[in-house]
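Enquirer: The following block contains a protein sequence and its predicted model.
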There are 2 protein chains.
Amino acid sequence: MSEMHAIRRNRLREQCSAAGNAAALVSRPANVRYLAGAAPHGAVLLLGSTEDLLVCALPPEDRPADGRPDEALRVHTLSRTGGDPAVAAARLAEAQAADSLAVEEHHLTVTRHRAIHSVAPRVRVADLGSAVEQLRVVKDEEEISCLRIGAEIADQALGELLESILVGRTERHLALELERRLVDHGADGPAFATSVATGPNAGRRAHRPTDRRVEEGDFLSVCLGATYRGYRCEIGRTFVIGTTPADWQIELYDLVFAAQRAGRESLVPGAAYRDVDRAARQVLDSGGHTEGLPPLTGHGVGLEIDEDPQLGPAAMGKLDACVPVTVEPGVHLPGRGGVRIDDTLVVRPEADGGPELLTITTKELLAL
Amino acid sequence: MSEMHAIRRNRLREQCSAAGNAAALVSRPANVRYLAGAAPHGAVLLLGSTEDLLVCALPPEDRPADGRPDEALRVHTLSRTGGDPAVAAARLAEAQAADSLAVEEHHLTVTRHRAIHSVAPRVRVADLGSAVEQLRVVKDEEEISCLRIGAEIADQALGELLESILVGRTERHLALELERRLVDHGADGPAFATSVATGPNAGRRAHRPTDRRVEEGDFLSVCLGATYRGYRCEIGRTFVIGTTPADWQIELYDLVFAAQRAGRESLVPGAAYRDVDRAARQVLDSGGHTEGLPPLTGHGVGLEIDEDPQLGPAAMGKLDACVPVTVEPGVHLPGRGGVRIDDTLVVRPEADGGPELLTITTKELLAL
């Protein structure tokens, strides 16, 4: 593992020096974890001109879920009097005689940026941009294996919920129960706030659970994910409560299912991001649903639940192999509810069997 | 309620114009909620030169836990194509012919700040500093009543846990159960990640629950809080598992209890922040514990769980009446565990009965 983190840091170092920067300061927590193996609260990584350092406010805790700092990295802990690790790292960069330091301007606040300037006046402060986010897009097999385990855990939690009695329970309680089951099955925790939506709420993206109770005849849509060794996956399914779905429910479900399948089938290396979005979106359009569609059909997942690529109409770029993404089209009809179907898949070449589906819970329309 | 938000905005407007700024852009979510009644995801508040606007990426959801936007405020929702509400607000400020705009430099990233500059080149961008955070320090009785209800909920959740069997259960499961109970009793959700710490982990500040199981003879320390209508409180207690605490446990508990009481008793209007800290800290020092002490004895609570004032050795400032704070000294002995005792109280004049204790669970050393 250590070796892998060193390889990642060296890749970033090459990019930095090609851009004329002697050192880089990485502050976004998922980026720190990617390059250092762990991201203790507030810690930053200094990719130094003479030495790399993990600069922490407090000593890292030894918790498997948090990862372990790469042993090849020296950990620099600030004294109890505290201070901002980013500012301390800038001071250390100056002490290493770095003439320029690239920082994550999309993560640092103006105040912290100013403090970095003022403690290291001899260092030219440049922008690292989203260089680390771009490195993170294509995953190695170890990363994918964490996502696969997380997806298994989410499938298990969801499967158990479906076997229990649902009518009369609130969205909030169902969400809390799912989160408990994720932890029971070995997740570090939920990958994001579990969404449970019933009746008129069903099918809304990122709906936050309310006290509404599940009723006969409802659509019930659920979206959850597990974090496993820092990696976050996502699954979403929609069910009908009661014995026989209404005609409009079957029709809407079939449409969203067809859109989701079209999106999944377009996941091939080399496909443009926007073409994946279009594949799903045009099925929904053909069903007459042009309003109330989500802005994106899917997105990358990894150390964050929403990372690059963004599969939307305006996205620029093409899929590579070994990029895990969600495909999650949905339709919400105000006042009536709707359907969302969401999988996490890994882009694979056709010769390797095409996209690898990580979330394997059935997508048949189940009546519960 | 609406009137109150308008009063708060006018207070801020006066400060801004005294500093020579025609308009202000408030982006920190708790500050937006304080001034606008609600803070939909990503929303910012423009305190304009001709009109105040709540600028949102998506239409606000109607959830009681999120608050409701003040009806006197116009809500400006960006189109589905998205964009950054802060950037849109800067454009609106320029359209209002504001010559200067104060922004929250401690919250905006460098990238967003740059985007604001570039869309509103005729506007001088200044720093609002922590003006809104300072307005938030002293609470009105409506705010205190939300904290009081939150504290009652936390007391109930904790009380129920104490009646259940604890030995053999893991820290993670106990934490999840406490969070479920908070929601059962009407909380919007936990105020922060619930901490349950057993044996050698007990007494560690903000310990994140592990898979360690509760054992006979352990110290068990628990820290939790409820969010109620956006307001967050905190309670922490330490217990002993088994029938008879060991002598070292009783001794350590009595010491931390005495320190916590000294801190509580020093909460009077006009007391210096650092004197509250010193009152508690010198009791711990007198017990020979100068290592492993937390950097702060307590902090303000409100729309955020950790806000001003900071009750620490280097803090500048004096307590006012109607400021809610925590008093939470603790000692952790590496390898053995420790004790933390944490209450939320409101500073009140002696004539009104002195500090009002919101979290009323007993602080006797209970053997469970």
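Expert: The structure has been received and is ready for your questions. Remember, predicted model here, so these are calculated numbers, not experimental data. Numbering: from 1, shown residues only, chains lettered A, B, ... in the order given.
Enquirer: contacting residues for the residue nearest to A:Ala280 when sequence neighbours are not counted?
Expert: Taking C-beta to C-beta, 6 or more residues apart in numbering or on different chains, and ignoring the residues beside it in sequence, A:Ala280 has A:Gly263 as its nearest neighbour in space, at 3.6 Å. Heads up, the C-betas are built off the backbone N, CA and C, glycines and all. Applying C-beta atoms under 8 Å, 6 or more residues apart in numbering or on different chains to A:Gly263 gives the contacts A:276-277, A:279-280, A:297-298, A:311, A:327, A:329.
Enquirer: remind me, longest helix of chain A?
Expert: helix A:141-162 (DSSP state H).
Enquirer: Okay, buried residues for it please.
Expert: For helix A:141-162, the buried set under the neighbour-count rule, 16 or more other C-beta atoms under 10 Å in any protein chain shown, comprises A:143-144, A:146-158, A:161.
Enquirer: Of those, which is the nearest to chain B?
Expert: Among those, A:Ala157 lies closest to chain B (C-beta to the nearest C-beta), at 12.8 Å.
Enquirer: related to what we said a few turns ago, which helices and strands does the longest helix of chain A pack with?
Expert: Counting by 3 or more C-beta pairs under 8 Å, 6 or more residues apart in numbering or on different chains; DSSP states H and E, the packing neighbours recorded for helix A:141-162 are helix A:171-184, strand A:219-224, strand A:226-228, strand A:231-232, strand A:235-240, strand A:343-346.
Enquirer: Can you give me the end-to-end span of stretch A:69-76?
Expert: By C-alpha to C-alpha, to the nearest Å, the extent of stretch A:69-76 from end to end equals 12 Å.
Enquirer: And that stretch, what's buried?
Expert: A:69-70, A:73, A:75-76.
Enquirer: Name the nearest residue to A:Thr361, ignoring sequence neighbours.
Expert: Leaving aside its sequence neighbours, A:Thr361 sits nearest to A:Asp155 (C-beta to C-beta, 6+ apart; 5.0 Å).
Enquirer: and chain A, which of its residues are near chain B?
Expert: With C-beta under 8 Å from any C-beta of the partner chain as the criterion, chain A meets chain B at residues A:61, A:63, A:80-82, A:103, A:105-111, A:113-114, A:127, A:172-173, A:176, A:179-180, A:183, A:208, A:210, A:295, A:314.
Enquirer: quick one on the thing from earlier: could you report the separation of the residue nearest to A:Thr361 from B:Pro209?
Expert: 24 Å (C-beta to C-beta, to the nearest Å).
Enquirer: and what of A:Arg181?
Expert: Distance from A:Arg181 to B:Pro209, counting by C-beta to C-beta: 16 Å.
Enquirer: Which one's more surrounded, the two?
Expert: Shown here are A:Arg181 and B:Pro209; by other C-beta atoms under 10 Å in any protein chain shown, B:Pro209 has more neighbours (24 against 21).
Enquirer: Can you name the helix or strand that that one falls in?
Expert: Element membership of B:Pro209, judged by DSSP states H and E, is empty: it is in no helix or strand.
Enquirer: Could you find the residue in the stretch 251-368 of chain A that comes nearest to chain B?
Expert: Per C-beta to the nearest C-beta, A:Pro295 is where the stretch 251-368 of chain A lies closest to chain B, at 5.9 Å.
Enquirer: Run through the stretch 1-150 of chain A and note the low-pLDDT ranges.
Expert: Confidence mapping of the stretch 1-150 of chain A against pLDDT under 70 gives the ranges A:1-2, A:80-82.
Enquirer: just the helices in it please.
Expert: Listed in chain order, the helices of the stretch 1-150 of chain A (DSSP state H, counting those that start in this stretch) span A:2-18, A:29-36, A:85-95, A:110-119, A:131-136, A:141-162.
Enquirer: what about these, which gets the closest to B:Arg33?
Expert: helix A:110-119 (21.1 Å; C-beta to C-beta).
Enquirer: Need the contact partners of that closest one.
Expert: The contact list for helix A:110-119 (C-beta under 8 Å, 6+ apart) reads A:25, A:84, A:86-87, A:90-91, A:94, A:101, A:103, A:105, A:108, A:125, B:103, B:105-106, B:108-110, B:113, B:127.
Enquirer: Also stretch A:310-317?
Expert: By C-beta under 8 Å, 6+ apart, stretch A:310-317 touches A:263, A:272-274, A:276-278, A:281, A:295-300, A:309, A:325, A:327, B:81.
Enquirer: That concludes my questions; thank you for your assistance.
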